[in-house]
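Colleague: give me coordinates for this.
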Amino acid sequence: MKTNQIKFWQNNFGKEYTDRNSFEDNNKWESLYIENWGITRKEMNKSFIGNLNKDIKILEVGSNIGLQLNCLQDMGYNQLYGIEIQDYAVEKSKKYTNKINIIKDSGFDIPFKDGYFDLVFTSGVLIHISPNDINRIIDEIIRCSKKYIWGFEYYSEDYISINYRGNDDVLWKGDFASLFLQRDNNLKIVKKDLFPYINDKEKGNVNCMYLIKKNTNE
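Modeller: Down below sits the predicted model:
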C-alpha cells in the first residue's frame, strides 16, 4: 500500500525530520518532553505501562531511529521491535540502538502473525495517516496485539487537518483512542490522559496518551 503520505515521508522531508530528531544523548531528547509537557517520556511511560512485565514482546509502528524503543530498553524491557517506512531512518537506527529489532515495513501490512506482540504502540504516527486510510492501520495494530495497544498522539475532540511545516494533507489530530474502540468492541481503555503543551496554551494544543486492553480471559 503506497499512500501520498508514505511517499511524502520517504522523500527529503522524512530525511530532514529524522536528522532534526536524532539525539546522541537521550537526556537531550527527554529535555524536549520537559519543555513541551513538563514531564519526561520515561515518567509518562512508567505511569502507563510501568507495572507490565519487562519480558513482554513490544512492537513500535513507525519507530524512526528508535528513540522511543531506547527509552523502553532503559526501563528494562528487553523484547523490542520496530517497523519504519523510511530507509534512511532504519539505517540510522543501527547507530542509535543495540539489541533492538528495527526493520523497514509499513503499519498497513505489519509482517507478523496475529497476536504476536503483547503490546503494540505508536508515538506521533497515527497523526500522519490520512483519515481515508486510518482504519487500515488501526486494524493491523489490533490484529498484531495480543493484549495491549498504547499510543501518544496529537489530540482533538474533532478529527481535523493541520498544516504541517507548510504542507497540507500530512497531519491530522483527533481522538485516536476512540477510533480504536470504534473498530473493535472487544477493546477497553485502561488509562487515558491529556498532556497540554505548556508553552502553547493560547492555541490549546494537546497530546493524548492512552493504554487500551483487549478483553481476554487472562
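Colleague: the nearest residue to Asp158 once chain neighbours are set aside and Leu211: what is the separation?
Modeller: Nearest residue to Asp158, sequence neighbours excluded (CB to CB, 6 or more residues apart in numbering): Gly174, at 7.0 Å. To be clear about C-beta, it is placed using only N, CA and C from the backbone, and glycine gets the same treatment. Separation of Gly174 from Leu211 (CB to CB, to the nearest Å) stands at 18 Å.
Colleague: ok, Ser22 next?
Modeller: 28 Å.
Colleague: of the two, which one has the most company?
Modeller: More crowded of Ser22 and Leu211, by other CB atoms under 10 Å: Leu211, with 20 against 16.
Colleague: what about the strands in this protein?
Modeller: For the chain, applying DSSP state E gives strands covering 57-61, 79-84, 101-104, 117-123, 145-155, 160-161, 172-173, 187-196, 206-214.
Colleague: for the chain, give me the ranges with low pLDDT.
Modeller: 201-202, 216-218 (pLDDT under 70).
Colleague: if you set the cut-off to 80 instead, what comes out?
Modeller: 1, 24-25, 200-203, 216-218 (pLDDT under 80).
Colleague: in it, which spans are helices?
Modeller: 4-9, 12-20, 26-37, 41-49, 67-74, 87-96, 134-144, 176-183 (DSSP state H).
Colleague: most packed of those helices?
Modeller: helix 67-74 (a mean of 20; mean count of other CB atoms under 10 Å).
Colleague: now the angle from it to strand 79-84?
Modeller: Per axes from the mean of the first three to the mean of the last three CA atoms, to 10 degrees, the angle that helix 67-74 makes with strand 79-84 is 180 degrees.
Colleague: what's the angle from helix 67-74 to strand 117-123?
Modeller: Angle of helix 67-74 versus strand 117-123, following the same axes, to 10 degrees, is 130 degrees.
Colleague: before we move on, the earlier item: closest to Phe48 out of the strands of the chain?
Modeller: strand 206-214 (4.9 Å; CB to CB).
Colleague: partners of the closest one, with directions?
Modeller: strand 145-155 (antiparallel), strand 187-196 (antiparallel) (DSSP bridges).
Colleague: the shortest one to helix 134-144, inter-axis angle?
Modeller: Taking the same axes, to 10 degrees, one finds strand 187-196 and helix 134-144 inclined to each other by 120 degrees.
Colleague: ok, the first one next?
Modeller: Angular relation of strand 145-155 and helix 134-144 on a 0 to 180 degree scale: 150 degrees, by the same axes, to 10 degrees.
Colleague: my guess is Lys104 meets Val90, correct?
Modeller: Yes - contact criterion CB atoms under 8 Å: Lys104 and Val90 qualify, at 4.8 Å.
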